[in-house]
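[1] predicted model and sequence below, questions to follow.
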Amino acid sequence: MLEIGSAKGVYLYSPGRKKFLDIISGVSVSYLGHNHPEINQAIKDQVNKHLHVMVYGEFIQSSQVEFAELLCRNLPGKLQNVYFVNSGTEAIEGAMKLSKRYTGRSEIIAFENAYHGSTQGAMSLMGKECFKTRYRPLLPDIRFLRFNQRADLNQITEKTACVFAEPVQAEAGVILPKDSFLPELKQKCHQTGTLLVFDEVQTGFGRLGELFACQHYNVTPDILVLAKSLGGGMPLGAFISSREIMSVLARDPELGHITTFGGHPVSCAAGLAAFKILLRENLHKKVKEKELLFREYLRHPEIKEIRGEGLLLAVELGDPQKMHKVIEKAKEYGIITDWFLFCETAIRISPALNITAEEIMKACKLFIKSVEKAVC
């Protein structure tokens with residue numbers, strides 16, 4: 001167990017000041033690194049103004065409004081209405097309710113090896129039974145399809161309220177969509193009046209090289225779910241849709257979805273500051289060249305494959321024991337990485353977008369050293 005005393009940039013420090021290069025950024029949360037001075041200043045400025053004031057929208061809170069407006073300006077299509085919550089799993093819950101309320105249907109479809117959160121509703125969409133068995137019964141009317149299997153899309157019908165999909169299956173070990181799978185999924189949803197929900201909790205905010213994966217793959221969902229990077233290091237989630245769809249939560253009952261702390265002004269101030277930096281510095285436009293550096297420097301006979309896109313990568317070792325040994329050995333050499341929930345053989349790489357070429361080279365050198373010491 002590693003205790004963290006402080007953090008700055010891509011580095012974590014123990015209380016004794018041992019230095020660790022963080023190449024997972026809190027599982028894609030700290031996408032501008034740790035302790036960024038502009039984000040910190042935005043947090044301090046908001047703290048000095050006010051913290052929580054009211055839940056139901058009676059009061060205009062500038063950090064919420066400004067952040068929502070900036071998000072909508074940079075999102076495609078009719079994704080113009082933002083509902084802030086506290087986390088990714090809460091955003092999934094909100095999107096589930098919104099889909100059922102708008103369509104009047106109860107069936108929800110997700111994909112095998114999908115991860116959408118751990119509350120009861122979100123867990124019902126989890127595509128791995130071993131994580132759910134001891135918590136059943138969960139929600140009824142849930143169906144699972146196989147990701148990238150176009151024939152399975154025929155199971156989407158006029159009874160289906162929505163389909164939840166990660167554009168890239170992250171916890172499955174970074175599985176990319178093949179060929180025209182996402183466009184065909186969108187088309188099938190459109191034909192059946194089914195809402196398409198993209199879970200971009202891990203792929204949002206430049207991780208694949210565009211601001212959002214829906215832009216990267218040129219497929220606009222009916223509902224977009226964001227979290228992790230959304231708060232710039234603070235807890236924050238959101239589900240986003242069109243005004244037409246979102247408006248159903250405002251009637252019958254009047255408060256169709258409620259959250260006390262969702263869109264907390266400090267979290268929104270941090271998220272707004274981080275997103276402004278991302279846009280100003282065009283960090284997402286530099287992601288592809290950084291991906292290529294990782295692919296160039298991470299070469300070793302024990303590495304079977306590097307899957308992924310941009311700065312969401314899986315280093316495949318092909319063996320669970322090797323994977324765990326390398327992760328532990330990497331800590332000894334000052335590298336922080338992680339594994340995947342639904343892939344026992346690969347190691348996660350998802351560093352801050354502003355990691356430098358020199359830091360990538362150093363991380364890869366120490367990673368290869370860890371592989372050699374752990375399994376060779």
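    Thanks, I have the structure now.

[2] hey, let's count contacts and neighbours off CA atoms from now on
    OK.

[3] for residue 4, phi and psi?
    As for residue 4, its main-chain torsions (degrees, to the nearest 10) stand at phi -100, psi 120.

[4] ditto for residue 130
    Per-residue torsions, residue 130: phi -60, psi -20 (degrees, to the nearest 10).

[5] residue 49 - how many residues pack around it?
    Residue 49 is flanked by 10 other residues according to other Cα atoms under 10 Å.

[6] and the helices in the stretch 51-200 of the chain, which stretches?
    In the stretch 51-200 of the chain, helices defined by DSSP state H, counting those that start in this stretch lie at 62-73, 88-103, 120-124, 181-192, listed in chain order.

[7] so where's the longest helix in the chain?
    Ranked by residue count, the top helix of the chain under DSSP state H comes out as helix 357-375.

[8] buried set for that one?
    Going by neighbour count (16 or more other Cα atoms under 10 Å), the buried part of helix 357-375 is 360, 361, 363, 364, 366, 367, 368, 369, 370, 371, 374.

[9] nearest to residue 298, of those residues?
    Taking Cα to Cα as the measure, residue 298 sits nearest to residue 364 out of the buried residues of helix 357-375, at 5.8 Å.

[10] thought that closest one was touching residue 293?
    No: Residue 364 lies out of contact with residue 293 (Cα atoms under 8 Å); the separation is 9.1 Å.

[11] got the residue ranges for the strands in the stretch 251-376 of the chain?
    With strands called from DSSP state E, counting those that start in this stretch, the stretch 251-376 of the chain shows them at 305-309, 312-316, 335-336, 338-340, 343-349.

[12] mind giving me the packing neighbours of the first one?
    Here strand 305-309 touches helix 287-297, strand 312-316, going by 3 or more Cα pairs under 8 Å, 6 or more residues apart in numbering; DSSP states H and E.

[13] what of the fourth one?
    Secondary-structure packing of strand 338-340 (3+ Cα pairs under 8 Å, 6+ apart): helix 320-332, strand 343-349.

[14] run the last query once more with 6 Å
    Here strand 338-340 touches strand 343-349, going by 3 or more Cα pairs under 6 Å, 6 or more residues apart in numbering; DSSP states H and E.

[15] coming back round to it: so which of the helices and strands packed on strand 305-309 comes closest to residue 108?
    In this view, the helices and strands packed on strand 305-309 are compared for proximity to residue 108 by Cα to Cα, and strand 312-316 is the closest at 27.2 Å.

[16] give me the contact list for the closest one.
    Contacts to strand 312-316, defined as Cα atoms under 6 Å, 6 or more residues apart in numbering, come from residues 173, 174, 303, 304, 305, 306, 307, 346, 347, 348, 349, 350.

[17] would you map out the domains in this structure?
    Annotated domains of the chain cover 6-30+283-375, 39-281 [automatic domain parsing].

[18] endpoints of the longest one, how far apart?
    What that stands for is domain 39-281. Counting by Cα to Cα, to the nearest Å, you get 14 Å between the two ends of domain 39-281.

[19] wait, what's in contact with residue 62?
    Residue 62 touches nothing, counting by Cα under 6 Å, 6+ apart.

[20] distance of it relative to residue 206?
    Counting by Cα to Cα - residue 62 and residue 206 are separated by 25 Å.

[21] same thing with residue 72?
    Taking Cα to Cα as the criterion, residue 72 is separated from residue 206 by 15 Å.

[22] more neighbours: these two, which one.
    Here residue 72 and residue 206 are compared on neighbour count by other Cα under 10 Å; more neighbours surround residue 206, at 25 against 18.

[23] where does that one sit: helix, strand or coil?
    At residue 206, secondary structure determined by DSSP: H, G, I helix; E, B strand; the rest coil is coil.

[24] for it, grab phi and psi.
    Residue 206 adopts backbone torsions of phi 80, psi 0, taken as degrees, to the nearest 10.

[25] close enough to count as contact, it and residue 284?
    Yes: with contact defined as Cα atoms under 6 Å, residue 206 reaches residue 284; the gap is 4.4 Å.
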